[in-house]
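**Student:** My questions concern the predicted model and sequence given below.
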Amino acid sequence: MQVFQNGCGRDADPGLQRFRVILEVMEVSLPQNQEAQLHQLALTTGRRTEDLVQEAVARLLAHNEWYQEQVQVGMDQIARGEFIEEEEMDPRVERMIQS
């Protein structure tokens, strides 16, 4: 499977005043069953496989960004002393389970 990304750039010689198209190709290898599922999803939804892959990557990157932000929130809380010790955690979890 190939995902295409198009971009434009000017030739090095400004006197030529022409554009060239730069085509970058990223090849993604998928297990055969995932590729079959992707093609089936594309057929079912009427979308291109490339669009589905781009959406999946965008979601992955957004989730990763959110996760990193949440880790930083936790680290900031620890730095401010906003946490409980392990000995306090077990009784708290037990109370939560029983309620």
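**Tutor:** Looks like it came in fine.
**Student:** any idea how far Gly81 is from Pro91?
**Tutor:** 20 Å (CB to CB, to the nearest Å). The way it works is simple: take the backbone N, C-alpha and C, and place the C-beta from them, glycine included.
**Student:** Repeat that for Gln54.
**Tutor:** 48 Å.
**Student:** These two: who's more crowded?
**Tutor:** Set side by side, Gln54 and Pro91 show more neighbours around Gln54, with 14 against 9, by other CB atoms under 10 Å.
**Student:** What mean pLDDT does whichever strand or helix holds the more buried one get?
**Tutor:** Assigned by DSSP states H and E, Gln54 falls within helix 49-79. The average pLDDT for helix 49-79 rounds to 97.
**Student:** to the chain's geometric centre, what's the distance from the next helix or strand after it?
**Tutor:** Per DSSP H and E, the first helix or strand lying C-terminal to helix 49-79 is helix 86-98. Centroid displacement of helix 86-98 relative to its chain, using CA atoms, centre = their mean, to the nearest Å, is 34 Å.
**Student:** contact partners of helix 86-98?
**Tutor:** Contacts to helix 86-98, defined as CB atoms under 8 Å, 6 or more residues apart in numbering, come from residues Ile84.
**Student:** now stretch 29-38, how far from the chain's geometric center?
**Tutor:** Distance, centroid of stretch 29-38 to centroid of chain: 18 Å (CA atoms, centre = their mean).
**Student:** my read is Ser29 is in a helix, agree?
**Tutor:** No. Under DSSP: H, G, I helix; E, B strand; the rest coil, Ser29 falls outside any helix and is assigned coil.
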